[in-house]
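**Student:** just a sequence and a predicted model for now, questions to come.
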Amino acid sequence: MQKPNKRLQGQICIVTGSSSGIGKAVAMAMGTEGANIVVNYHSGKEKAEEVAHWIIKNSSCGDAIVIKCDVSKEDEVKQMFEKTIKEFGTVDVCVANAGIQIDHPLHEMPFDAWKKVIDINLTGQFLCARESIKEFLRRGMREEVSKSLGKIIHMSSVHEVIPWAGHANYAASKGGLVMLMQSICQEYGPKKIRCNSIAPGAIKTEINKDVWSTKEGREGMLGLIPYKRIGIPEDIGSVASWLASDESEYINGTTIYVDGGMTCYPGFTTNG
């Protein structure tokens, strides 16, 4: 984890899906930067409480609370924001991170598998962005903590640009995020709202442990990464905390790829 400099001190950050994996690393990184963190979970309450406890223990000025919410449910997202505002007064940053994979060849994909991935990975990010923008506009500028009215960070994937056979629902959800994020920037940038995406590449989390935990799987992943290192969640956490800070204030409407160069298609080093 990066050395903290308290660049998010006094800010309130919601991080969805932050009981484990990338979301956990993002919540911890922002907490050490002095932010008050909402650790959101859907089913892992104990893990979420552990993350919140860690943030409280390791932050000299930030606090953390735990809120259960299924981001695909409109009423639950609204309640999460209401609870956050009641506890902390407002929201400054929303990291829409919650996401799932349910993989099938397209011709065998049940409609429910398509719908659930889109509902969580894309509709959930829309709902979180919408509620964030409502709150940013309601409370106005907080110049004492940020030059921006508010910040939204969508957690995307390299598969917003790299097709992924056997994972069409996941790739489509991430591809849709590009237009959602850029449309938000175009519409609300004039009001000093910043909206960007982070696109992780191959990151060591539970969702892909069956691949990176074997020698053959690791070698296969490394063949896709010019930097020859599989990422870790903390790689994403450090970028997210920087992207939420005023150090990146002029960055708006773009995707930052954190992938060791995967989107450079290393297979073409030998002419394809």
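**Tutor:** That came through fine.
**Student:** only C-alpha atoms for contact and neighbour calcs from this point on.
**Tutor:** OK.
**Student:** pLDDT weak spots in the stretch 101-250 of the chain?
**Tutor:** Nowhere does the stretch 101-250 of the chain drop to pLDDT under 70.
**Student:** what are the ranges of the helices in it?
**Tutor:** 111-118, 124-139, 168-188, 209-212, 215-222, 233-243 (DSSP state H, counting those that start in this stretch).
**Student:** which of these is buried the deepest?
**Tutor:** Among the helices of the stretch 101-250 of the chain, helix 233-243 has the highest mean neighbour count (mean count of other C-alpha atoms under 10 Å), at a mean of 21.
**Student:** packing partners for that one?
**Tutor:** Judged by 3 or more C-alpha pairs under 8 Å, 6 or more residues apart in numbering; DSSP states H and E, the packing partners of helix 233-243 are helix 21-32, strand 193-200.
**Student:** which strand or helix spans Gly253?
**Tutor:** Counting by DSSP states H and E, no helix or strand carries Gly253.
**Student:** pLDDT value on it, please?
**Tutor:** What the model reports as pLDDT for Gly253 is 98.
**Student:** was I right to think it contacts Ile193?
**Tutor:** No - using C-alpha atoms under 8 Å, Gly253 is not in contact with Ile193, being 10.1 Å away.
**Student:** around Ile55, how many other residues sit close by?
**Tutor:** Neighbours of Ile55 under the rule other C-alpha atoms under 10 Å: 27.
**Student:** give the contact list for it.
**Tutor:** By C-alpha atoms under 8 Å, 6 or more residues apart in numbering, the contact list for Ile55 reads Ala27, Met28, Gly31, Thr32, Gly62, Asp63, Ala64.
**Student:** give me that answer again for 7 Å
**Tutor:** For Ile55, the contact set (C-alpha atoms under 7 Å, 6 or more residues apart in numbering) comprises Met28, Gly31, Thr32, Ala64.
**Student:** for the third one, which non-adjacent residue is closest in space?
**Tutor:** Closest residue to Thr32 in three dimensions, ignoring its sequence neighbours and counting by C-alpha to C-alpha, 6 or more residues apart in numbering: Ser59, at 4.9 Å.
**Student:** output the helices of the stretch 101-250 of the chain as JSON lines; include the columns distance to Asp75.
**Tutor:** Conversion of these to JSON lines gives the following (distance: least, C-alpha to C-alpha, whole Å):
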{"stretch": "helix 111-118", "distance to Asp75": "17"}
{"stretch": "helix 124-139", "distance to Asp75": "10"}
{"stretch": "helix 168-188", "distance to Asp75": "21"}
{"stretch": "helix 209-212", "distance to Asp75": "33"}
{"stretch": "helix 215-222", "distance to Asp75": "39"}
{"stretch": "helix 233-243", "distance to Asp75": "27"}
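**Student:** which stretch among those helices comes nearest Thr263?
**Tutor:** Ranking those by proximity to Thr263 (C-alpha to C-alpha) places helix 215-222 first, at 13.1 Å.
**Student:** where along the stretch 1-150 of the chain do the strands fall?
**Tutor:** With DSSP state E, counting those that start in this stretch, the ranges of strands along the stretch 1-150 of the chain come out as 12-15, 36-41, 64-68, 93-96, 150-155.
**Student:** so how far is the third one off the chain centroid?
**Tutor:** If you compare the mean C-alpha spot of strand 64-68 with that of the full chain, they lie 16 Å apart, counting by C-alpha atoms, centre = their mean, to the nearest Å.
**Student:** outside of stretch 202-215, which residues touch it?
**Tutor:** So stretch 202-215 is contacted by Gly21, Gly217, Arg218, Ile230, Gly231, Ile232, Pro233, Asp259 (C-alpha under 7 Å, 6+ apart).
**Student:** and which of those residues is nearest Gln101?
**Tutor:** Nearest to Gln101 among those, counting by C-alpha to C-alpha, is Gly21 at 13.9 Å.
**Student:** how close does the closest residue to the closest one other than its chain neighbours sit to Asn58?
**Tutor:** Of all residues not flanking Gly21 in the chain, Thr205 sits nearest, at 5.4 Å (C-alpha to C-alpha, 6+ apart). Computed as C-alpha to C-alpha, to the nearest Å, the Thr205 to Asn58 distance reads 23 Å.
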